[in-house]
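Trainee: Provided below for reference: sequence and predicted model.
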Amino acid sequence: MKQNKSKPSHSTEREFGGAAGAACILVFLPLTVLVLLSVCLSEDAAVLRWPPHLPSTSHLSDPRAPPIIVLWIITHVLLYLLPLGKVSQGLVLRDGSRLKYPINGFHALCVTAVLLAVGLCVGLNLALLYELMVPLAVCAIVLAYLLSFYLYVRSFSVPAHALAPGGNTGNPVYDFFMGRELNPRIGSFDLKYFCELRPGLIGWVVLNASMLMKEVELRGAPSLSMLLVNCFQLLYVTDALWNEEAVLSTMDIVHDGFGFMLAFGDLVWVPFTYGLQAAFLVSHPHSLSPVGALGIVLLNGTGYYIFRQSNSQKNTFRRDPTHHSVAHLETIPTATGKKLLVSGWWGFVRHPNYLGDLLMALAWSLPCGFSHILPYFYVLYFGVLLVHREARDEHQCRMKYGAAWQKYCSRVPYRIVPYVY
Ligand code: NDP
(Lines give C-alpha, C1' and ligand atoms only; values in the text may rest on other atoms or scores of the structure.)
Protein backbone atom coordinates (compact mmCIF):
# COMPACT_ATOMS: atom_id res chain seq x y z
CA MET A 1 0.00 0.00 0.00
CA LYS A 2 1.36 3.40 -0.83
CA GLN A 3 1.57 5.28 2.43
CA ASN A 4 1.35 8.98 2.98
CA LYS A 5 4.59 10.06 4.65
CA SER A 6 3.07 13.01 6.49
CA LYS A 7 2.00 12.72 10.12
CA PRO A 8 -1.62 11.63 10.56
CA SER A 9 -3.82 14.41 11.86
CA HIS A 10 -6.59 13.42 14.31
CA SER A 11 -8.78 11.01 12.35
CA THR A 12 -12.33 12.20 11.86
CA GLU A 13 -13.86 9.07 10.38
CA ARG A 14 -15.76 6.76 12.71
CA GLU A 15 -16.49 3.12 11.96
CA PHE A 16 -18.60 0.58 13.89
CA GLY A 17 -21.14 3.24 14.90
CA GLY A 18 -18.53 5.54 16.46
CA ALA A 19 -17.94 5.73 20.21
CA ALA A 20 -21.45 4.48 21.07
CA GLY A 21 -21.06 1.47 18.79
CA ALA A 22 -17.61 0.74 20.20
CA ALA A 23 -18.94 0.96 23.80
CA CYS A 24 -21.72 -1.52 22.99
CA ILE A 25 -19.27 -3.93 21.35
CA LEU A 26 -16.91 -3.69 24.34
CA VAL A 27 -19.68 -4.92 26.63
CA PHE A 28 -21.85 -7.16 24.48
CA LEU A 29 -19.25 -9.06 22.44
CA PRO A 30 -17.65 -10.76 25.49
CA LEU A 31 -21.15 -11.57 26.79
CA THR A 32 -22.08 -12.98 23.38
CA VAL A 33 -19.13 -15.38 23.53
CA LEU A 34 -20.16 -16.64 26.97
CA VAL A 35 -23.83 -17.03 26.00
CA LEU A 36 -22.96 -18.82 22.75
CA LEU A 37 -20.70 -21.26 24.58
CA SER A 38 -23.26 -21.90 27.30
CA VAL A 39 -26.08 -22.46 24.82
CA CYS A 40 -23.85 -24.71 22.73
CA LEU A 41 -22.85 -26.86 25.71
CA SER A 42 -26.45 -27.15 26.98
CA GLU A 43 -28.63 -30.15 26.10
CA ASP A 44 -31.35 -28.27 24.18
CA ALA A 45 -29.01 -25.67 22.55
CA ALA A 46 -32.08 -23.49 22.03
CA VAL A 47 -30.93 -20.08 20.81
CA LEU A 48 -34.41 -18.60 20.93
CA ARG A 49 -35.03 -19.54 24.59
CA TRP A 50 -35.78 -16.54 26.77
CA PRO A 51 -34.16 -15.76 29.12
CA PRO A 52 -31.12 -17.17 27.30
CA HIS A 53 -28.76 -19.71 28.82
CA LEU A 54 -26.29 -17.78 30.93
CA PRO A 55 -23.41 -19.55 32.60
CA SER A 56 -23.96 -19.62 36.36
CA THR A 57 -21.30 -17.67 38.22
CA SER A 58 -19.92 -20.93 39.67
CA HIS A 59 -19.18 -22.09 36.10
CA LEU A 60 -17.43 -18.89 35.06
CA SER A 61 -14.15 -19.55 36.82
CA ASP A 62 -11.95 -22.50 37.56
CA PRO A 63 -8.52 -22.36 39.20
CA ARG A 64 -7.09 -24.52 36.40
CA ALA A 65 -8.02 -22.05 33.63
CA PRO A 66 -5.64 -19.08 34.29
CA PRO A 67 -2.45 -21.23 34.41
CA ILE A 68 -3.49 -22.97 31.17
CA ILE A 69 -3.94 -19.63 29.38
CA VAL A 70 -0.66 -18.24 30.79
CA LEU A 71 1.26 -21.39 29.84
CA TRP A 72 -0.27 -21.28 26.36
CA ILE A 73 0.77 -17.68 25.76
CA ILE A 74 4.29 -18.23 27.14
CA THR A 75 4.73 -21.30 24.91
CA HIS A 76 3.76 -19.29 21.83
CA VAL A 77 5.94 -16.33 22.77
CA LEU A 78 8.89 -18.76 23.01
CA LEU A 79 7.97 -20.38 19.69
CA TYR A 80 7.75 -16.92 18.09
CA LEU A 81 11.24 -16.12 19.38
CA LEU A 82 12.75 -19.39 18.11
CA PRO A 83 15.10 -18.61 15.22
CA LEU A 84 13.22 -20.91 12.83
CA GLY A 85 12.02 -20.00 9.33
CA LYS A 86 12.85 -16.90 7.38
CA VAL A 87 12.52 -13.24 8.36
CA SER A 88 10.40 -11.04 6.06
CA GLN A 89 10.01 -7.31 5.72
CA GLY A 90 6.63 -5.65 6.06
CA LEU A 91 5.35 -2.94 3.72
CA VAL A 92 6.97 0.51 3.75
CA LEU A 93 5.79 2.56 6.74
CA ARG A 94 4.94 6.26 6.86
CA ASP A 95 8.49 7.13 7.99
CA GLY A 96 9.94 5.14 5.08
CA SER A 97 11.14 2.23 7.25
CA ARG A 98 10.16 -1.45 6.99
CA LEU A 99 9.73 -3.74 9.99
CA LYS A 100 11.03 -7.30 10.12
CA TYR A 101 8.76 -10.24 10.97
CA PRO A 102 9.67 -13.89 11.72
CA ILE A 103 7.78 -16.24 9.40
CA ASN A 104 7.65 -19.22 11.76
CA GLY A 105 3.94 -19.61 12.58
CA PHE A 106 3.82 -22.92 10.72
CA HIS A 107 6.75 -24.15 12.80
CA ALA A 108 4.83 -23.09 15.92
CA LEU A 109 1.85 -25.19 14.76
CA CYS A 110 4.08 -28.23 14.12
CA VAL A 111 5.88 -27.94 17.47
CA THR A 112 2.51 -27.56 19.22
CA ALA A 113 1.25 -30.72 17.48
CA VAL A 114 4.35 -32.64 18.59
CA LEU A 115 4.03 -31.37 22.17
CA LEU A 116 0.36 -32.41 22.27
CA ALA A 117 1.12 -35.82 20.76
CA VAL A 118 3.80 -36.41 23.39
CA GLY A 119 1.41 -35.16 26.06
CA LEU A 120 -1.31 -37.56 24.93
CA CYS A 121 1.18 -40.45 25.02
CA VAL A 122 2.01 -39.66 28.64
CA GLY A 123 -1.64 -39.34 29.67
CA LEU A 124 -2.55 -35.69 29.02
CA ASN A 125 -6.32 -35.29 29.36
CA LEU A 126 -7.05 -33.03 26.37
CA ALA A 127 -10.81 -33.42 26.86
CA LEU A 128 -10.40 -31.32 30.00
CA LEU A 129 -10.25 -28.22 27.78
CA TYR A 130 -13.79 -28.96 26.64
CA GLU A 131 -14.95 -29.02 30.26
CA LEU A 132 -13.11 -25.76 30.97
CA MET A 133 -14.35 -23.95 27.86
CA VAL A 134 -16.27 -21.22 29.70
CA PRO A 135 -13.58 -20.48 32.36
CA LEU A 136 -10.92 -20.48 29.62
CA ALA A 137 -13.01 -18.02 27.59
CA VAL A 138 -13.40 -15.79 30.69
CA CYS A 139 -9.60 -15.77 31.17
CA ALA A 140 -9.05 -14.98 27.49
CA ILE A 141 -11.53 -12.08 27.76
CA VAL A 142 -9.66 -10.71 30.79
CA LEU A 143 -6.38 -11.07 28.90
CA ALA A 144 -7.79 -9.21 25.86
CA TYR A 145 -8.95 -6.34 28.12
CA LEU A 146 -5.60 -6.15 29.97
CA LEU A 147 -3.66 -6.19 26.70
CA SER A 148 -5.91 -3.49 25.24
CA PHE A 149 -5.39 -1.24 28.29
CA TYR A 150 -1.63 -1.72 28.00
CA LEU A 151 -1.75 -0.92 24.27
CA TYR A 152 -3.88 2.16 24.82
CA VAL A 153 -1.64 3.57 27.57
CA ARG A 154 1.65 2.90 25.78
CA SER A 155 0.33 4.45 22.54
CA PHE A 156 0.69 7.92 24.15
CA SER A 157 4.45 7.51 24.33
CA VAL A 158 5.07 6.77 20.64
CA PRO A 159 5.74 9.32 17.88
CA ALA A 160 2.82 10.49 15.72
CA HIS A 161 4.00 8.61 12.65
CA ALA A 162 3.63 5.33 14.60
CA LEU A 163 -0.13 5.86 15.06
CA ALA A 164 -2.73 4.10 12.90
CA PRO A 165 -4.74 6.22 10.48
CA GLY A 166 -8.09 5.31 12.08
CA GLY A 167 -7.65 5.02 15.86
CA ASN A 168 -6.62 8.45 17.04
CA THR A 169 -9.82 10.46 17.14
CA GLY A 170 -9.29 11.73 20.69
CA ASN A 171 -12.34 9.82 21.94
CA PRO A 172 -10.94 7.37 24.52
CA VAL A 173 -13.64 4.72 24.09
CA TYR A 174 -13.43 4.68 20.33
CA ASP A 175 -9.62 4.80 20.27
CA PHE A 176 -9.35 2.06 22.92
CA PHE A 177 -11.57 -0.09 20.73
CA MET A 178 -9.95 0.65 17.35
CA GLY A 179 -6.34 0.79 18.57
CA ARG A 180 -4.10 3.86 18.38
CA GLU A 181 -0.70 2.42 17.59
CA LEU A 182 -0.15 0.69 14.26
CA ASN A 183 2.70 -1.69 15.10
CA PRO A 184 3.24 -1.88 18.89
CA ARG A 185 6.47 -3.69 19.64
CA ILE A 186 8.49 -4.63 22.71
CA GLY A 187 11.99 -4.66 21.26
CA SER A 188 11.60 -6.66 18.07
CA PHE A 189 8.55 -8.56 19.41
CA ASP A 190 5.54 -7.40 17.40
CA LEU A 191 2.42 -7.71 19.57
CA LYS A 192 -0.17 -7.39 16.79
CA TYR A 193 1.57 -9.78 14.43
CA PHE A 194 2.05 -12.30 17.27
CA CYS A 195 -1.64 -12.24 18.21
CA GLU A 196 -2.92 -12.23 14.62
CA LEU A 197 -2.25 -15.88 13.74
CA ARG A 198 -0.71 -17.75 16.65
CA PRO A 199 -2.25 -18.18 20.13
CA GLY A 200 -5.86 -17.79 18.92
CA LEU A 201 -5.70 -19.61 15.62
CA ILE A 202 -3.65 -22.54 16.94
CA GLY A 203 -5.75 -22.45 20.12
CA TRP A 204 -8.89 -22.88 17.99
CA VAL A 205 -7.69 -26.20 16.50
CA VAL A 206 -6.43 -27.43 19.86
CA LEU A 207 -9.87 -26.74 21.36
CA ASN A 208 -11.39 -28.62 18.41
CA ALA A 209 -9.11 -31.56 19.16
CA SER A 210 -10.27 -31.48 22.77
CA MET A 211 -13.92 -31.78 21.60
CA LEU A 212 -12.91 -34.76 19.49
CA MET A 213 -11.24 -36.36 22.51
CA LYS A 214 -14.35 -35.66 24.59
CA GLU A 215 -16.47 -37.41 21.97
CA VAL A 216 -14.13 -40.40 22.09
CA GLU A 217 -14.43 -40.42 25.87
CA LEU A 218 -18.25 -40.31 25.69
CA ARG A 219 -18.94 -42.57 22.72
CA GLY A 220 -15.80 -44.61 22.14
CA ALA A 221 -14.89 -43.13 18.72
CA PRO A 222 -15.06 -39.80 16.90
CA SER A 223 -18.05 -39.33 14.58
CA LEU A 224 -17.65 -38.65 10.86
CA SER A 225 -19.16 -35.18 11.44
CA MET A 226 -16.58 -34.40 14.13
CA LEU A 227 -13.73 -35.65 11.95
CA LEU A 228 -14.87 -33.48 9.03
CA VAL A 229 -15.17 -30.33 11.17
CA ASN A 230 -11.73 -30.96 12.71
CA CYS A 231 -10.07 -31.69 9.35
CA PHE A 232 -11.65 -28.72 7.52
CA GLN A 233 -10.71 -26.24 10.21
CA LEU A 234 -7.22 -27.70 10.63
CA LEU A 235 -6.72 -27.27 6.88
CA TYR A 236 -7.80 -23.63 7.15
CA VAL A 237 -5.47 -22.88 10.06
CA THR A 238 -2.56 -24.78 8.49
CA ASP A 239 -3.08 -22.84 5.25
CA ALA A 240 -3.09 -19.51 7.11
CA LEU A 241 0.15 -20.36 8.91
CA TRP A 242 1.82 -21.85 5.83
CA ASN A 243 1.04 -18.59 4.02
CA GLU A 244 1.81 -16.43 7.06
CA GLU A 245 3.79 -13.92 5.02
CA ALA A 246 0.59 -12.88 3.22
CA VAL A 247 -0.74 -11.42 6.49
CA LEU A 248 1.88 -8.67 6.21
CA SER A 249 -0.15 -6.97 3.45
CA THR A 250 -3.61 -7.37 5.02
CA MET A 251 -5.78 -4.54 6.32
CA ASP A 252 -5.20 -5.73 9.90
CA ILE A 253 -1.42 -5.27 9.72
CA VAL A 254 -1.17 -2.40 7.23
CA HIS A 255 -4.07 -0.18 8.25
CA ASP A 256 -5.72 -1.03 11.59
CA GLY A 257 -4.29 -0.02 14.95
CA PHE A 258 -3.84 -2.65 17.64
CA GLY A 259 -6.59 -2.21 20.19
CA PHE A 260 -9.49 -4.14 21.65
CA MET A 261 -11.02 -4.92 18.25
CA LEU A 262 -8.08 -7.02 17.07
CA ALA A 263 -6.92 -8.22 20.52
CA PHE A 264 -10.38 -9.56 21.38
CA GLY A 265 -10.91 -10.92 17.86
CA ASP A 266 -7.59 -12.77 17.84
CA LEU A 267 -7.53 -14.06 21.43
CA VAL A 268 -11.21 -14.68 22.20
CA TRP A 269 -13.55 -14.52 19.25
CA VAL A 270 -11.61 -16.81 16.90
CA PRO A 271 -10.69 -19.63 19.31
CA PHE A 272 -13.98 -19.67 21.24
CA THR A 273 -16.61 -19.10 18.54
CA TYR A 274 -15.08 -20.45 15.33
CA GLY A 275 -15.13 -23.99 16.73
CA LEU A 276 -18.75 -23.92 17.93
CA GLN A 277 -19.65 -26.70 15.48
CA ALA A 278 -17.26 -29.15 17.17
CA ALA A 279 -18.48 -28.10 20.64
CA PHE A 280 -22.07 -28.56 19.48
CA LEU A 281 -21.37 -32.07 18.15
CA VAL A 282 -20.14 -33.28 21.55
CA SER A 283 -23.57 -32.87 23.13
CA HIS A 284 -25.63 -33.14 19.90
CA PRO A 285 -24.29 -36.07 17.86
CA HIS A 286 -25.26 -36.09 14.21
CA SER A 287 -24.67 -39.02 11.88
CA LEU A 288 -23.81 -38.22 8.27
CA SER A 289 -24.47 -40.43 5.26
CA PRO A 290 -21.41 -41.17 3.08
CA VAL A 291 -23.08 -39.28 0.19
CA GLY A 292 -23.80 -36.29 2.44
CA ALA A 293 -20.19 -36.34 3.67
CA LEU A 294 -18.88 -36.50 0.09
CA GLY A 295 -21.02 -33.50 -0.90
CA ILE A 296 -19.71 -31.51 2.08
CA VAL A 297 -16.10 -32.46 1.28
CA LEU A 298 -16.61 -31.28 -2.31
CA LEU A 299 -18.12 -28.00 -1.11
CA ASN A 300 -15.19 -27.39 1.24
CA GLY A 301 -12.73 -28.33 -1.51
CA THR A 302 -14.34 -25.91 -3.98
CA GLY A 303 -14.33 -23.11 -1.41
CA TYR A 304 -10.72 -23.80 -0.49
CA TYR A 305 -9.66 -23.87 -4.17
CA ILE A 306 -11.27 -20.47 -4.89
CA PHE A 307 -9.94 -18.99 -1.62
CA ARG A 308 -6.36 -20.18 -2.10
CA GLN A 309 -6.08 -19.55 -5.85
CA SER A 310 -7.47 -16.02 -5.63
CA ASN A 311 -5.40 -15.03 -2.60
CA SER A 312 -2.22 -16.47 -4.17
CA GLN A 313 -2.91 -14.77 -7.50
CA LYS A 314 -3.18 -11.35 -5.87
CA ASN A 315 -0.21 -11.91 -3.56
CA THR A 316 2.00 -13.03 -6.46
CA PHE A 317 0.85 -10.08 -8.56
CA ARG A 318 1.56 -7.59 -5.76
CA ARG A 319 5.00 -9.09 -5.11
CA ASP A 320 6.05 -9.54 -8.76
CA PRO A 321 3.66 -8.44 -11.53
CA THR A 322 6.01 -9.94 -14.14
CA HIS A 323 5.76 -13.45 -12.63
CA HIS A 324 4.82 -15.93 -15.37
CA SER A 325 1.61 -17.00 -13.58
CA VAL A 326 0.18 -13.46 -13.58
CA ALA A 327 2.03 -11.58 -16.37
CA HIS A 328 -0.68 -12.45 -18.94
CA LEU A 329 -3.55 -11.01 -16.83
CA GLU A 330 -5.30 -7.82 -17.90
CA THR A 331 -4.76 -4.84 -15.58
CA ILE A 332 -5.91 -1.25 -15.02
CA PRO A 333 -3.15 1.31 -14.25
CA THR A 334 -3.68 3.63 -11.26
CA ALA A 335 -2.21 7.02 -10.36
CA THR A 336 -0.24 5.41 -7.49
CA GLY A 337 1.85 3.40 -9.93
CA LYS A 338 0.25 0.13 -8.79
CA LYS A 339 -2.08 -1.78 -11.12
CA LEU A 340 -5.40 -3.49 -10.48
CA LEU A 341 -6.10 -6.96 -11.85
CA VAL A 342 -9.20 -7.02 -14.00
CA SER A 343 -9.06 -10.57 -15.37
CA GLY A 344 -8.39 -13.92 -13.71
CA TRP A 345 -9.96 -14.42 -10.27
CA TRP A 346 -10.09 -10.67 -9.56
CA GLY A 347 -12.05 -10.13 -12.79
CA PHE A 348 -14.64 -12.72 -11.70
CA VAL A 349 -15.84 -10.79 -8.62
CA ARG A 350 -14.17 -8.03 -6.59
CA HIS A 351 -13.57 -10.36 -3.63
CA PRO A 352 -13.24 -13.95 -4.90
CA ASN A 353 -11.29 -14.81 -1.73
CA TYR A 354 -14.34 -13.91 0.41
CA LEU A 355 -16.56 -16.11 -1.78
CA GLY A 356 -14.27 -19.12 -1.24
CA ASP A 357 -14.10 -18.40 2.49
CA LEU A 358 -17.91 -18.32 2.74
CA LEU A 359 -18.30 -21.63 0.90
CA MET A 360 -15.89 -23.20 3.38
CA ALA A 361 -17.77 -21.66 6.31
CA LEU A 362 -20.97 -23.32 5.06
CA ALA A 363 -19.17 -26.66 4.70
CA TRP A 364 -18.05 -26.44 8.35
CA SER A 365 -21.64 -26.08 9.56
CA LEU A 366 -23.37 -28.68 7.41
CA PRO A 367 -21.89 -31.71 9.29
CA CYS A 368 -24.05 -30.63 12.27
CA GLY A 369 -27.32 -31.22 10.36
CA PHE A 370 -30.31 -28.90 10.39
CA SER A 371 -31.81 -29.47 13.84
CA HIS A 372 -30.35 -26.23 15.29
CA ILE A 373 -29.30 -22.85 13.98
CA LEU A 374 -26.39 -22.56 16.42
CA PRO A 375 -23.79 -24.42 14.30
CA TYR A 376 -24.66 -21.97 11.51
CA PHE A 377 -23.68 -19.03 13.70
CA TYR A 378 -20.22 -18.89 12.13
CA VAL A 379 -21.38 -18.76 8.53
CA LEU A 380 -24.05 -16.12 9.35
CA TYR A 381 -21.67 -13.97 11.38
CA PHE A 382 -18.92 -14.40 8.79
CA GLY A 383 -21.26 -13.29 5.99
CA VAL A 384 -21.96 -10.08 7.93
CA LEU A 385 -18.26 -9.60 8.74
CA LEU A 386 -17.18 -10.03 5.11
CA VAL A 387 -19.89 -7.70 3.76
CA HIS A 388 -18.76 -5.08 6.28
CA ARG A 389 -15.08 -5.75 5.59
CA GLU A 390 -15.70 -5.49 1.86
CA ALA A 391 -17.31 -2.06 2.39
CA ARG A 392 -14.32 -0.89 4.49
CA ASP A 393 -11.85 -2.13 1.88
CA GLU A 394 -13.89 -0.64 -0.96
CA HIS A 395 -13.83 2.73 0.81
CA GLN A 396 -10.05 2.57 1.24
CA CYS A 397 -9.50 1.48 -2.37
CA ARG A 398 -11.70 4.33 -3.62
CA MET A 399 -9.58 6.78 -1.61
CA LYS A 400 -6.34 5.19 -2.86
CA TYR A 401 -7.15 4.65 -6.52
CA GLY A 402 -9.95 7.16 -7.33
CA ALA A 403 -11.03 6.97 -10.99
CA ALA A 404 -9.12 3.73 -11.60
CA TRP A 405 -11.15 2.06 -8.84
CA GLN A 406 -14.40 3.32 -10.43
CA LYS A 407 -13.29 1.83 -13.72
CA TYR A 408 -12.49 -1.49 -12.00
CA CYS A 409 -15.94 -1.51 -10.36
CA SER A 410 -17.69 -0.92 -13.68
CA ARG A 411 -15.65 -3.74 -15.29
CA VAL A 412 -16.27 -6.10 -12.34
CA PRO A 413 -19.73 -5.18 -11.01
CA TYR A 414 -20.25 -7.94 -8.41
CA ARG A 415 -18.56 -7.69 -5.03
CA ILE A 416 -18.59 -11.23 -3.60
CA VAL A 417 -21.20 -13.51 -5.21
CA PRO A 418 -21.57 -13.31 -9.02
CA TYR A 419 -25.02 -12.05 -10.17
CA VAL A 420 -26.18 -11.76 -6.52
CA TYR A 421 -24.00 -9.28 -4.61
P1 NDP B 1 -7.89 -8.92 0.65
O2 NDP B 1 -6.87 -10.01 0.56
O3 NDP B 1 -9.18 -9.16 -0.04
O4 NDP B 1 -7.19 -7.62 0.11
C5 NDP B 1 -7.84 -6.45 -0.27
C6 NDP B 1 -6.79 -5.61 -0.96
O7 NDP B 1 -6.42 -6.24 -2.18
C8 NDP B 1 -7.25 -4.22 -1.38
O9 NDP B 1 -7.17 -3.31 -0.32
C10 NDP B 1 -6.22 -3.90 -2.46
O11 NDP B 1 -5.02 -3.54 -1.77
C12 NDP B 1 -6.02 -5.25 -3.13
N13 NDP B 1 -6.89 -5.42 -4.30
C14 NDP B 1 -8.24 -5.32 -4.35
N15 NDP B 1 -8.66 -5.55 -5.60
C16 NDP B 1 -7.57 -5.78 -6.34
C17 NDP B 1 -7.36 -6.08 -7.71
N18 NDP B 1 -8.37 -6.16 -8.58
N19 NDP B 1 -6.11 -6.24 -8.16
C20 NDP B 1 -5.05 -6.18 -7.29
N21 NDP B 1 -5.19 -5.89 -5.98
C22 NDP B 1 -6.43 -5.70 -5.52
O23 NDP B 1 -8.11 -8.49 2.15
P24 NDP B 1 -8.54 -9.16 3.51
O25 NDP B 1 -7.44 -8.92 4.45
O26 NDP B 1 -9.89 -8.65 3.85
O27 NDP B 1 -8.68 -10.75 3.25
C28 NDP B 1 -7.60 -11.66 3.17
C29 NDP B 1 -8.15 -13.08 3.38
O30 NDP B 1 -8.43 -13.28 4.75
C31 NDP B 1 -9.45 -13.35 2.62
O32 NDP B 1 -9.39 -14.64 2.06
C33 NDP B 1 -10.51 -13.30 3.69
O34 NDP B 1 -11.59 -14.14 3.36
C35 NDP B 1 -9.74 -13.79 4.90
N36 NDP B 1 -10.29 -13.29 6.16
C37 NDP B 1 -10.69 -14.22 7.08
C38 NDP B 1 -11.19 -13.83 8.28
C39 NDP B 1 -11.63 -14.83 9.27
O40 NDP B 1 -12.01 -14.44 10.37
N41 NDP B 1 -11.63 -16.11 8.94
C42 NDP B 1 -11.31 -12.39 8.64
C43 NDP B 1 -10.87 -11.52 7.59
C44 NDP B 1 -10.37 -11.94 6.41
P45 NDP B 1 -3.71 -2.96 -2.53
O46 NDP B 1 -4.15 -2.49 -3.87
O47 NDP B 1 -3.21 -1.90 -1.64
O48 NDP B 1 -2.77 -4.13 -2.64
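Mentor: Done, it's in. Numbers count the residues shown, from 1 in each chain.
Trainee: okay, now the unreliable bits of the stretch 151-300 of the chain?
Mentor: Counting by pLDDT under 70, the stretch 151-300 of the chain shows no low-confidence range.
Trainee: can we see that at 90?
Mentor: For the stretch 151-300 of the chain, the stretches with pLDDT under 90 are 160-161, 165-169, 246, 248-252, 254-255, 283-287.
Trainee: let me see the contact set for whichever residue of it sits closest to the ligand.
Mentor: Closest to the ligand within the stretch 151-300 of the chain is T250: 3.6 Å, counting by CB to the nearest ligand atom. Any C-beta I mention is one placed from the backbone N, CA and C, and that applies to glycine too. Residues in contact with T250 (CB atoms under 8 Å, 6 or more residues apart in numbering): none are found.
Trainee: which ones are touching M360?
Mentor: Contacts for M360 (CB under 8 Å, 6+ apart) come out as 232, 236, 300, 303-304, 307.
Trainee: which of those are close to the ligand?
Mentor: Residues of those in contact with the ligand (CB under 6 Å from any ligand atom): F307.
Trainee: next step: the contacts of M360 restricted to helices.
Mentor: With helices identified by DSSP state H, the entries of the contacts of M360 that belong to them are 232, 236, 300, 303-304, 307.
Trainee: quick check: phi and psi at the residue of the stretch 151-300 of the chain closest to the ligand.
Mentor: In this entry, T250 is assigned phi and psi values of phi -80, psi 160 (degrees, to the nearest 10).
Trainee: same deal with the one 5 residues further on?
Mentor: When read as degrees, to the nearest 10, the backbone of H255 gives phi -120, psi -50.
Trainee: next: S283.
Mentor: With angles defined as degrees, to the nearest 10, S283 sits at phi -100, psi -10.
Trainee: now the strands for the stretch 301-421 of the chain?
Mentor: 331-333, 339-341 (DSSP state E, counting those that start in this stretch).
Trainee: same check, this time on the stretch 51-200 of the chain
Mentor: With DSSP E, counting those that start in this stretch as the criterion, the stretch 51-200 of the chain has strands at 86-89, 100-103, 185-186, 189-190.
Trainee: columns distance to the ligand and mean neighbour count on top of the ones you listed, output as CSV?
Mentor: Below are these laid out as CSV (distance: least, CB to the nearest ligand atom, whole Å; neighbours: other CB atoms under 10 Å):
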stretch, distance to the ligand, mean neighbour count
strand 86-89, 16, 12
strand 100-103, 16, 18
strand 185-186, 21, 12
strand 189-190, 17, 17
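Trainee: just put those strands in JSON lines and tack on distance to V122.
Mentor: Supplementary listing: the strands of the stretch 51-200 of the chain in JSON lines, determined by distance: least, CB to CB, whole Å:
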{"stretch": "strand 86-89", "distance to V122": "33"}
{"stretch": "strand 100-103", "distance to V122": "30"}
{"stretch": "strand 185-186", "distance to V122": "34"}
{"stretch": "strand 189-190", "distance to V122": "31"}
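Trainee: measure the closest residue to F176 other than its chain neighbours to W346 for me?
Mentor: In space, F176 comes closest to Y152 once its chain neighbours are excluded; the distance is 4.8 Å by CB to CB, 6 or more residues apart in numbering. According to CB to CB, to the nearest Å, Y152 stands 37 Å off from W346.
Trainee: number of residues surrounding P285?
Mentor: P285 is surrounded by 15 other residues when neighbours are defined as other CB atoms under 10 Å.
Trainee: and the nearest residue to it once chain neighbours are set aside, what is it in contact with?
Mentor: Ranked by CB to CB, 6+ apart and with sequence neighbours excluded, the top spatial neighbour of P285 is S223, at 5.9 Å. For S223, the contacting residues are 215, 281, 285-288, taking CB under 8 Å, 6+ apart as the criterion.
Trainee: flag every buried residue along stretch 95-112.
Mentor: 99, 101-109, 111-112 (16 or more other CB atoms under 10 Å).
Trainee: out of those residues, list just those in helices.
Mentor: Residues from the buried residues of stretch 95-112 lying in helices, with DSSP H as the criterion: 105-109, 111-112.
Trainee: and the chain, which residues reach the ligand?
Mentor: By CB under 6 Å from any ligand atom, the residues of the chain that approach the ligand are 1, 250-251, 307, 311, 314, 317-318, 338, 340-341, 346, 351, 353-354, 357, 389, 393, 396-397, 408.
Trainee: hmm, which of those residues are the buried ones?
Mentor: Members of the residues of the chain next to the ligand that pass the buried threshold by neighbour count (16+ other CB under 10 Å) are listed as 307, 311, 314, 317-318, 338, 340-341, 346, 351, 353-354, 357, 393, 396-397, 408.
Trainee: any idea how far the residue in the stretch 51-200 of the chain positioned nearest to the ligand lies from T316?
Mentor: Taking CB to the nearest ligand atom as the measure, the stretch 51-200 of the chain has L91 as its residue closest to the ligand, at 8.7 Å. Here the distance between L91 and T316 works out to 16 Å (CB to CB).
Trainee: please apply the same query to F280.
Mentor: Between F280 and T316 the distance is 38 Å, computed by CB to CB.
Trainee: same question for stretch 157-175: list its buried residues.
Mentor: Residues 161-169, 171, 173-175 are the ones in stretch 157-175 that count as buried (16+ other CB under 10 Å).
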